[in-house]
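In: Need coordinates for the below:
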Amino acid sequence: MGAEVKLPPSAAGDELTHLQTTLSTLSTQMYTFLGVIQRDAPAPPPPATGLPDPDDPAAGELAKEAAAAEEAYREKKKAMDENVKQFAADLVATWREANGLIRSVEATIEAQEGRGAEAVAEADEASRRAGVELDARAGDAEALLESVREAIRT
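Out: Just a heads-up that it's a prediction; the model follows:
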């Protein structure tokens, strides 16, 4: 799932919104999964209190109950381990999507910066050309003014 998320050009403006939604989803997943794990984690069975007294008639029954509790704990722990694996897979998938969006947003920003630099360079060149043309016209105007002044003097 390491594929980069690519939005169509019409959705380029929505990249940040999509990234924000994805990061919000990631955050929600993390807190939800932690809550579920805390809520559903099996309590360990009570520790064995030593060897049962062979003369105690309830010892066999206690041993059966302890074995049943231990088995129930193992089954619940196994189910919980499977849930944790699924939670982790979901988190990784969302994180990868977020990473792809981050790379996409970075690329968009870099492309826009490049276009901005090109626009500034083009405007600078147009300004330089306009300055040269203005200087030429100012020279022509000064020459015309001088010829008018000369005509008036004579």
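In: In the chain, where's the longest helix?
Out: helix 59-153 (DSSP state H).
In: Can you name every helix or strand that that helix contacts?
Out: Judged by 3 or more C-beta pairs under 8 Å, 6 or more residues apart in numbering; DSSP states H and E, helix 59-153 is in contact with helix 15-40. The C-beta positions use only the backbone N, C-alpha and C, and glycine is treated the same way.
In: pLDDT averaged over the helix it packs on - what is it?
Out: Averaged over helix 15-40, pLDDT sits at 90.
In: Run the angle between the longest helix of the chain and helix 15-40 for me.
Out: For helix 59-153 against helix 15-40, the angle by axes from the mean of the first three to the mean of the last three C-alpha atoms, to 10 degrees is 170 degrees.
In: Could you number the chain from 20 rather than 1 from now on?
Out: Sounds good: first residue 20 from here, last item helix 78-172.
In: quick one: helix 78-172 to chain centroid distance?
Out: 10 Å (C-alpha atoms, centre = their mean, to the nearest Å).
In: Could I get the pLDDT score of A108?
Out: According to the model, A108 scores 94 on pLDDT.
In: A85 against P64, yeah?
Out: Yes: the pair A85 and P64 passes the contact test of C-beta atoms under 8 Å, sitting 7.0 Å apart.
In: tell me the SS of P61?
Out: coil (DSSP: H, G, I helix; E, B strand; the rest coil).
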